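**Q** No sequence on hand, only this structure:
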C-alpha cells in the first residue's frame with residue numbers, strides 16, 4: 001500500500017484580492033490525486049517564495065504566517081499517521097474525510113447480523129430451510145443479550161471484536177445461559193459466519209476466532225436395542241393414547257424420520273419404489289433435503305393400522321401425531337411401563353434406526369446416510385454406532401474368508 005504524499009503551499013494568483021494580496025493554498029497529493037484547500041492567509045506577491053513555499057523575510061507577519069504553514073504541514077502528517085494506525089488506506093478520499101472532520105460511520109455488529117438474517121429469510125425455501133433461519137434468529141438474540149451483559153450497550157463496532165470477545169462469549173453461554181459445550185460451539189459456529197462477512201468486506205482486519213478451538217466433545221447418543229424394541233412393540237397398553245404414541249415412535253424407529261417429518265408426512269408421499277415395494281419420498285423439514293426410504297413390514301403394519309383414523313383422513317396425514325411436547329411426555333411413561341431405563345425422547349428413534357435397525361443388520365452407512373437425508377457421512381456417524389455384535393459378525397466373516 002503506497003502511503004506517500006507530497007505537500008505544496010502556493011499562491012493562487014487567479015484569486016488575488018482587490019488589495020492585490022495573493023491567497024495561500026495548501027495542496028496535498030496522494031497517488032497522483034490532489035486535495036486543495038485555502039489556508040485563509042494572504043501575502044503580497046513580492047513577499048511569497050514559490051520555490052521555498054514560504055513568506056520571505058523575517059518580519060513579524062512573515063514569522064506568523066510561516067509558523068501557521070508549518071502547523072498545517074504537521075497536521076497533514078498527523079492525519080496520515082492516524083489513518084495508518086486505524087488500519088485504513090491512505091487515499092485522497094480518506095484524507096479529505098480526516099481534514100474535513102467527517103467521522104467514519106462505524107459498522108455495527110448486530111446490524112450486520114440482522115441484515116444477514118433478513119437476506120436469509122428471503123431465501124428460505126430456496127437456499128435455506130426454515131430451521132436454519134430459526135437457528136440464526138436465536139443466535140442473534142443471544143448475541144444481543146451477551147453485548148448487554150458484557151458491555152452494557154445495545155450494539156458495538158465490529159472493529160472492537162477480538163479474541164477476548166469470543167472467549168467471554170463462550171463463558172457467557174456456559175455460565176449465564178447454562179449451555180452444554182457442544183450447544184455453545186453450535187451457537188459460536190453461527191456467529192462465526194457473521195464474522196466471515198465482516199472479514200470479507202474489510203470491516204475487520206483480524207479474525208477474532210484465530211487461536212480459538214471450536215472442537216466438539218463426543219456425545220454418547222442413546223438408542224434402543226433389539227430387545228428393547230421388541231419389548232415395546234409387544235407391550236399391551238390399557239390407555240389408548242400410550243399405544244398410539246408407541247406406534248408413532250416405532251414408525252420412526254423403522255424409517256429414521258425426525259418428529260417434524262413424521263408429523264407432516266402425507267399419504268401422497270407413500271409411493272411405489274423401483275423395486276415394486278412401498279417407499280417414502282419426502283423432503284426433510286430441517287434441511288429441505290430429500291429422503292427416500294423403503295418401508296419395512298413393521299412400518300407398513302403401523303400405517304395400515306391408522307389408515308382410517310379420523311385425524312389422518314381429515315388432515316391427509318399417515319399418522320395422528322400429537323405435539324412434540326406431549327409425545328415426549330408420554331414416551332417417558334411408556335419407558336417406565338416397558339422397563340426401559342433410558343431418557344426416552346422421540347429423537348432416540350432416529351438413532352435407533354441408524355444403529356439397531358440398519359447398520360447392525362449390515363446396511364452400508366452410505367445407504368443409511370441417504371435414507372436419513374444427510375448430505376455427508378460425518379453427520380451420519382454421529383447418529384449411528386457400530387455395536388460390538390456387528391464388529392464380531394464382520395470379523396467372523398473375515399475369518400471364514402481367510403480360512404478358504
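**A** Everything's here; your move. Note that the structure is predicted; figures quoted are calculated from it, not measured. Residues are numbered from 1 along each chain as shown.
**Q** Check the gap between residue 35 and residue 29 for me.
**A** Counting by C-beta to C-beta, to the nearest Å, the separation of residue 35 from residue 29 is 8 Å. C-beta: built from backbone N, CA, C; applies to glycine.
**Q** Show the secondary-structure elements that the host helix or strand of residue 146 is packed against.
**A** Here residue 146 sits within helix 130-151, counting by DSSP states H and E. Counting by 3 or more C-beta pairs under 8 Å, 6 or more residues apart in numbering; DSSP states H and E, the packing neighbours recorded for helix 130-151 are helix 109-122, helix 163-175, helix 181-200.
**Q** and residue 265, which of those is closest to it?
**A** When the helices and strands packed on helix 130-151 are compared by C-beta to C-beta, helix 109-122 sits nearest residue 265, at 25.9 Å.
**Q** okay, the angle between that closest one and helix 163-175?
**A** Comparing the axes of helix 109-122 and helix 163-175 via axes from the mean of the first three to the mean of the last three C-alpha atoms, to 10 degrees yields an angle of 70 degrees.
**Q** Could you figure out how far helix 109-122 is turned away from helix 181-200?
**A** In terms of direction (the same axes, to 10 degrees), helix 109-122 departs from helix 181-200 by 100 degrees.
**Q** Break this protein into its domains for me.
**A** Under the assignment automatic domain parsing, the domains of the chain span 5-100, 109-200, 226-400.
**Q** Which among the ones you listed is found nearest to residue 210?
**A** With C-beta to C-beta, the closest approach to residue 210 among the domains of the chain belongs to domain 109-200: 7.0 Å.
**Q** I'd like the average pLDDT over the closest one.
**A** For domain 109-200, mean pLDDT rounds to 94.
**Q** go on, stretch 51-58?
**A** Mean predicted lDDT for stretch 51-58 stands at 93.
**Q** Identify each buried residue in it, please.
**A** For stretch 51-58, a neighbour-count test (16 or more other C-beta atoms under 10 Å) marks 53-55 as buried.
**Q** mind checking the end-to-end distance for it?
**A** End-to-end distance for stretch 51-58, by C-alpha to C-alpha, to the nearest Å: 17 Å.
**Q** hmm, who's touching that stretch?
**A** Residues outside stretch 51-58 that contact it (C-beta atoms under 8 Å, 6 or more residues apart in numbering) are 8-10, 43, 46-49, 61-62, 65-66, 69.
**Q** Likewise for stretch 228-245?
**A** By C-beta under 8 Å, 6+ apart, stretch 228-245 touches 224, 246, 249-250, 253, 298, 320, 322, 327, 330-331, 333-334, 337-340, 342, 352, 356.
**Q** I'd like the distance from whichever strand or helix holds residue 68 to the chain centre, please.
**A** Element membership for residue 68 (DSSP H and E) is helix 60-85. Helix 60-85 has its C-alpha centroid displaced from the chain centroid by 48 Å (C-alpha atoms, centre = their mean, to the nearest Å).
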